[in-house]
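[1] Sequence first, predicted model second:
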Amino acid sequence: MKNLNMGFFGLYLLMSGREAYQQAVRIVEAVKSRADLLKKLEGWERVFQFKPSDADPFYIEVSAGSMKIVEGLHPTPTSTIEASQQDLVSVMKGELDAVKAFFSGRLKVKGNIFATQELNDLLSSTFK
């Protein structure tokens with residue numbers, strides 16, 4: 001374990017295998033609270049499937065200027081992002097560059113890679 005001083009909730013998330021999902025929930029909530037980011041979503045009709053190699057899958061659905069997160073598999077995602085849970089969390093937090101992770105093989109994208117890059121741009125501006 002890298003950080004032993006993470007508190008009970010952080011330890012629970014790590015042990016429960018839901019850290020990537022919880023980080024995605026935080027991002028979706030942050031986007032919903034910012035009008036400038038919601039405006040960027042106008043016209044998007046996309047589903048981003050996340051498949052952590054060591055946790056349950058989930059997806060982010062963007063439609064009609066809104067964003068929601070759903071546990072499970074979507075039948076027809078725009079793109080699918082696969083990586084370890086820790087790498088997904090690191091990308092979502094901006095600690096790991098998604099493009100570098102992609103080219104090094106730590107992150108795999110199937111489907112519309114351009115839509116995935118637009119999602120990455122949105123995520124990187126979420127906590128700025």
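    That came through fine. Numbering: from 1, shown residues only.
[2] which ones are touching the closest residue to W44 other than its chain neighbours?
    Counting by Cβ to Cβ, 6 or more residues apart in numbering, V62 is the residue found nearest to W44 once chain neighbours are left out, at 4.4 Å. Every C-beta, even on glycine, is put in place using the N, C-alpha and C of the backbone. Residues counted as contacts of V62 (Cβ atoms under 8 Å, 6 or more residues apart in numbering) are 41, 44-48.
[3] wait, is V62 part of a helix?
    No. Judged by DSSP: H, G, I helix; E, B strand; the rest coil, V62 forms no part of a helix; its state is strand.
[4] What residues sit buried inside the host helix or strand of Y21?
    Here Y21, judged by DSSP states H and E, is contained in helix 19-32. In terms of neighbour count (16 or more other Cβ atoms under 10 Å), helix 19-32 has its buried residues at 19-24, 27-28, 31.
[5] and what of stretch 77-84?
    Buried-residue list, stretch 77-84, by 16+ other Cβ under 10 Å: 77-83.
[6] just stretch 112-127 next, same as before
    112, 115-116, 118-120, 122-123, 126.
[7] and the residues you listed as JSON lines, adding pLDDT?
    Listed next are the buried residues of stretch 112-127 as JSON lines, based on pLDDT from 0 to 100:
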{"residue": "N112", "pLDDT": "96"}
{"residue": "A115", "pLDDT": "94"}
{"residue": "T116", "pLDDT": "92"}
{"residue": "E118", "pLDDT": "91"}
{"residue": "L119", "pLDDT": "89"}
{"residue": "N120", "pLDDT": "86"}
{"residue": "L122", "pLDDT": "83"}
{"residue": "L123", "pLDDT": "81"}
{"residue": "T126", "pLDDT": "78"}
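[8] can you redo these as TSV with distance to E95?
    Shown next, in TSV, are the buried residues of stretch 112-127 (distance: Cβ to Cβ, whole Å):
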residue	distance to E95
N112	25
A115	23
T116	18
E118	20
L119	17
N120	13
L122	17
L123	12
T126	14
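[9] Just the residues you listed: which are in helices?
    115-116, 118-120, 122-123, 126 (DSSP state H).
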